[in-house]
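Engineer: Sequence plus the predicted model coming up.
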Amino acid sequence: MKLVFPDGEHPQVLLGHGVNRVGSDPESTIVLDRPGVMPQHCQLHVSAQGVMLDVPPGAQVRVNGRQVAAGLIALRPGDDVSFDEVRARLAAIGPSAVRHQGGVAGVLPPSANDDPGVTAVRPVLPRYVLRGVSGDLFGRSFPLLAATVVGRSSDCGLQLDQPGLSRQHARLIPTHDGLQIEDLGSTNGTTVNGRRVLRAIAQAGDEIGFDQLRFRLTGSLQEAPAAEGAAESAPTTAPVKLGRPTWHWAALAGAVLLGLVGFVLLR
């Protein structure tokens, strides 16, 4: 897939698998330094299943001329996407038939900047992803690309409009050792696996809570399928100390009981 900018604000961009950030922040995957474009305006999640547009609260994004609400929306080749006043079109690489609003399939028309010198960007893959497991956020994913502040304030990297959250509730910092969590003096607290913490390191699989909101920490969106496949072929990848299973003790007790019965009968 690629993004084509018909008005020439940006060279067309090949979208790689993973997370492609769009915004005025110089660290964005696609930098649009234009009035009305937020530093972190939106994200394009590209996978084998297609392209998902992730719109944060307050961002002005239109798809095919219609304003979209905050959240995830699926995109298809031929869709027009506007980042405030910057227009772009999602296109397949090479000739591709798409269905237009009139229901007639056709070939994508050439763009004003549709040239062989297309810019290929390498998307930044998140080391960790927060996946909602409670309330209205159940099933939603929030990639963590860099240090991120969670809270109700509009200047938070992960703004969650929930009454129990503080304006700046906690800071999340991806590291090689895990996700570093720092509570920022919140009123209702931050938890890891049910325990309230001021500072902690969370690992993939841990449950992280902000007030009543609960999230499961997972690995990169790209790494997750590979990890699942590895789990199927090798269920245990590292030694794990476990207590003896219940069936072991039950079998042992049964053997002892049979021995006692045999002893009594022989007498």
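Structural biologist: Received, thanks.
Engineer: Poorly predicted segments of the stretch 151-267 of the chain, please.
Structural biologist: Scanning the stretch 151-267 of the chain for pLDDT under 70 picks out 220-267.
Engineer: ok, now with 80
Structural biologist: The model of the stretch 151-267 of the chain has pLDDT under 80 over residues 155, 176, 219-267.
Engineer: where exactly do the helices run in this structure?
Structural biologist: Counting by DSSP state H, the chain has helices at residues 223-233, 246-266.
Engineer: Can you give me the domain assignment for this structure?
Structural biologist: 2-120, 128-219 (automatic domain parsing).
Engineer: ok, so what distance separates residue 137 from residue 93?
Structural biologist: 34 Å (Cβ to Cβ, to the nearest Å). Placement of C-beta: from N, CA and C, glycine included.
Engineer: out of these two, which sits in the more crowded spot?
Structural biologist: residue 137 (18 against 11; other Cβ atoms under 10 Å).
Engineer: so what's that one closest to, chain neighbours aside?
Structural biologist: residue 213 (6.5 Å; Cβ to Cβ, 6 or more residues apart in numbering).
Engineer: since we're on the one you found, how many residues are nearby?
Structural biologist: A count of nearby residues for residue 213, using other Cβ under 10 Å, gives 21.
Engineer: Pairing partners for it in the sheet, please.
Structural biologist: Beta-bridge partners for residue 213, by DSSP bridges, are residue 210.
Engineer: wait, what's in contact with it?
Structural biologist: By Cβ atoms under 8 Å, 6 or more residues apart in numbering, the residues touching residue 213 are 132, 134, 135, 137, 160, 162, 164, 165.
Engineer: got a winner among the residues you listed for most neighbours?
Structural biologist: Among those, residue 165 has the most neighbours (other Cβ under 10 Å), with 23 neighbours.
Engineer: so where's the stretch 1-150 of the chain shaky on pLDDT?
Structural biologist: Along the stretch 1-150 of the chain, the model assigns pLDDT under 80 to residues 17, 48-49, 71-72, 93-127, 145-147.
Engineer: Let's see that with 50 instead.
Structural biologist: Within the stretch 1-150 of the chain, the ranges that satisfy pLDDT under 50 run 95-117, 119-124.
Engineer: Can you report how many residues lie near the closest residue to residue 148 other than its chain neighbours?
Structural biologist: Leaving aside its sequence neighbours, residue 148 sits nearest to residue 157 (Cβ to Cβ, 6+ apart; 3.8 Å). When neighbours are counted by other Cβ under 10 Å, residue 157 registers 18.
Engineer: check contacts around residue 3.
Structural biologist: So residue 3 contacts 10, 12, 13, 15, 30, 44, 81, 88, 89, 90, 91 (Cβ under 8 Å, 6+ apart).
Engineer: Bridged to the closest residue in space to the fifth one that isn't next to it in sequence, which residues?
Structural biologist: Spatially, and ignoring its direct neighbours in sequence, residue 30 is nearest to residue 22 (4.7 Å; Cβ to Cβ, 6+ apart). On the basis of DSSP bridges, residue 22 takes part in beta bridges with residue 30, residue 42.
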